[in-house]
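Participant: turn this into a structure:
(one chain, ligands or ions: 1)
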Amino acid sequence: MSVDPRESQPNPQGSRIDPYVGSYAARAQGMVASEVRALFAVASRPEVVSLAGGMPNISALPLEALGEITRRVVVEQGRAALQYGSAQGDPVLRQQICEVMGLEGIDANPDDVIVTVGSQQALDLVTRIFVDPGDVVLTEGPTYVTAINTFAAHQARIEHVLMDDDGVVPEALEERLVRLEKEGARVKFFYTVPTFNNPAGVTLTAGRRERVLEICDRFNLLVLEDNPYGLLRYEGEPVRALRADSPRNVIYLGSFSKILSPGFRIGYALAPPAVRDKLVLAAESAMLSHSSFNQAVVGRYLADQPWKEQVKDFNEMYRARRDALLSSLESLMPEGSSWTRPQGGFFVWATLPEGLDSKAMLPRAVNERVAYVPGTGFYSGGDGRRNMRLSFCYPTPEQIREGVRRLVGVLESEIAL
Ligand code: PMP
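Facilitator: Here you go, the predicted structure:
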C-alpha cells in the first residue's frame, strides 16, 4: 500500500497521525513507551537532580586501558573479531562468564551459556520461546519496568506476587499458584530479581530462596532469575544465586552492564540444554550473530585487567551514594513515609504518607528540579501510586542530599494542601 508521506507530518497540534495504525500486529498494541524513558529527556537537564535513571556511573572505568585493549583486538585478533560469529556467542567469553557466575555459587558448563545483547535480549528471547498470548507470567510486585514491557509485548498476562523487605513472600507465591492451577491458567515462569531488586532494592533471604525453589519445583514452574546487580554489594554477606541450587529449574540471566559498561551490550543466559537450544535458534532469527568485536574486547578486558578490583572501586563509590541517600531520607522524610535499605544495587523504594500520589506529583517535583520514577511504572495494573523509585547510582552524594531536600519540600507542600 502506498502512503502519502505528508500524512505522517506533525499536525498543527504537534502530534503525528500514524498512517499504519490499522496494520500493526496485536502484540504491538501492548508496546508503550515506559515512564522511565519519557522521563529521561526532562531529568537530563543539568539543573535537575535525577534520582530517576538507573544509569551506571562508569566514570571510574580505565579508559586508556580499554583503548589499548580495543587496539590490540583490531590488530591482533581482527580477522576473527571483525567477522560474523555464532548466535550462541564466543566460546572463550562463555568460559569467562562461567567464572563470573562462579562468584555467586554457580557451577556452569560454557556449553549451556548463551551470550545476549544485554540481559534485556535474554528476557525477550525467553519470553519469545515460552509465552503465547494470554499465558501467565508471575513476577514480584513491583518489578523491573522493561521486563513488564517485554512480557506485555508478547501479550502475557502479568500477575504480581507480594514482596516485602525479605523479597517475594513464598506463601503468596504458593497461594497464587494454587489459584492459577484451579483456574486452569497456563503459567509459564516466575520472573524474579532476587538480589538488590530493581526497583525495590530488597534481597530474597536464604531461607526464602529455599522455599521459593521448593514451591516452583513442586509446581513444575521455571524460574527466570535476573541478576544484573548481584556483585554490587556494599555490606552484608553474599547470597547464593537461585540457579546455584537448582540447575534444572532456573534460567539465569546476567550482564556486564553494571560491572563493566552497558555500552558493550553484553549479557548472558544460562539455561538447561533443551531451553538453551531454543534460545540459540531464537537468537539466530533475531540478530544472526553477536558483535564478535564487543565480545573480544570484553573477553580481553576480563583476561588482562584487574576487573574484580574495578568492581570493588565501583562498590565504594556506590556505597557512599547509597549512604548519602539513606541518611538524607532518615533526617528529612515526613512522618508516615518509609523506604527500603538496600545492601547493594542502585535503588531505594519509598512509600509516601497516605493520600500522596507520586505520579500526580511528578511535574511539580521536576519544576522544583528533582526527578524520580513513580511507582506505577513497576506494576502492570496501576498499583504503586504511593511509591517512588529513588536511584542513587549516578548523582554525587552532594547532589543526592540536595535532591532529597527538594523532594521533601515538594512532599511537604503536597501534605499541606
Ligand atoms: N534486568 C534488570 C533488573 C535491570 O535493572 C536491567 C537494566 N536496567 C536489565 C535487566 C537490562 O540490562 P542490560 O540489558 O543492560 O544487561
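Participant: give me the nearest residue to the residue of the stretch 1-150 of the chain at minimum distance from the ligand, chain neighbours excluded.
Facilitator: Here the stretch 1-150 of the chain gets closest to the ligand at one residue, Gly118, 2.3 Å apart by CB to the nearest ligand atom. Where you see a C-beta, it was placed from the backbone N, CA and C, and this is true even at glycine. Ranked by CB to CB, 6 or more residues apart in numbering and with sequence neighbours excluded, the top spatial neighbour of Gly118 is Gly267, at 4.4 Å.
Participant: does Glu159 count as helix, strand or coil?
Facilitator: Per DSSP: H, G, I helix; E, B strand; the rest coil, the local secondary structure of Glu159 is strand.
Participant: surely Tyr191 is in a strand?
Facilitator: Yes - following the definition three-state DSSP, Tyr191 is counted among the residues of a strand.
Participant: so which bits of the chain are right by the ligand?
Facilitator: Proximity of the chain to the ligand, by CB under 6 Å from any ligand atom, involves residues 54, 118-120, 144, 193, 198, 226, 228, 255, 257, 262, 267.
Participant: and these, which two are furthest apart?
Facilitator: Of all pairs drawn from the residues of the chain next to the ligand, the greatest distance, 16.6 Å, lies between Val193 and Pro262 (CB to CB).
Participant: higher neighbour count, those two?
Facilitator: For Val193 versus Pro262, neighbours defined as other CB atoms under 10 Å are more numerous around Val193 (29 against 18).
Participant: which ones are touching the residue positioned nearest the centre of the chain?
Facilitator: Taking CA atoms, centre = their mean as the criterion, Tyr144 is the residue nearest the geometric centre of the chain, at 5.3 Å. With CB atoms under 8 Å, 6 or more residues apart in numbering as the criterion, the residues that contact Tyr144 are 193, 198-199, 226, 378.
Participant: would you list every one of the helices in the stretch 51-200 of the chain?
Facilitator: The residue ranges that make up the helices of the stretch 51-200 of the chain, judged by DSSP state H, counting those that start in this stretch, are 63-81, 91-102, 118-130, 145-153, 170-183.
Participant: and the closest residue to Val48 other than its chain neighbours, how close does it get to Arg45?
Facilitator: Computed as CB to CB, 6+ apart, the closest residue to Val48 that is not its neighbour in sequence is Arg369, at 4.9 Å. Applying CB to CB, to the nearest Å, the value for Arg369 to Arg45 is 8 Å.
Participant: comparing these two, which residue is more hemmed in?
Facilitator: For Arg369 and Arg45, the more surrounded residue by other CB under 10 Å is Arg369, and the numbers stand at 16 against 11.
Participant: per-residue pLDDT, Arg37?
Facilitator: Taken from the predicted model, the pLDDT recorded for Arg37 is 63.
Participant: same check, this time on the one 3 residues further on
Facilitator: At Phe40, the predicted lDDT confidence score is 61.
Participant: any idea which helix or strand comes after the helix-or-strand element of the chain with minimal mean pLDDT?
Facilitator: Per-element confidence for the chain was summarised using mean pLDDT, DSSP states H and E. The lowest value among helices and strands belongs to helix 35-43, with a mean of 63. For helix 35-43, the following helix or strand on the C-terminal side (DSSP states H and E) is strand 49-50.
Participant: now do that next one, average pLDDT.
Facilitator: If you average the pLDDT values across strand 49-50, you get 94.
Participant: low-scoring stretches of the stretch 1-150 of the chain, by residue?
Facilitator: Low-confidence segments of the stretch 1-150 of the chain, defined by pLDDT under 70, are located at 1-16, 30, 32, 34-40, 43.
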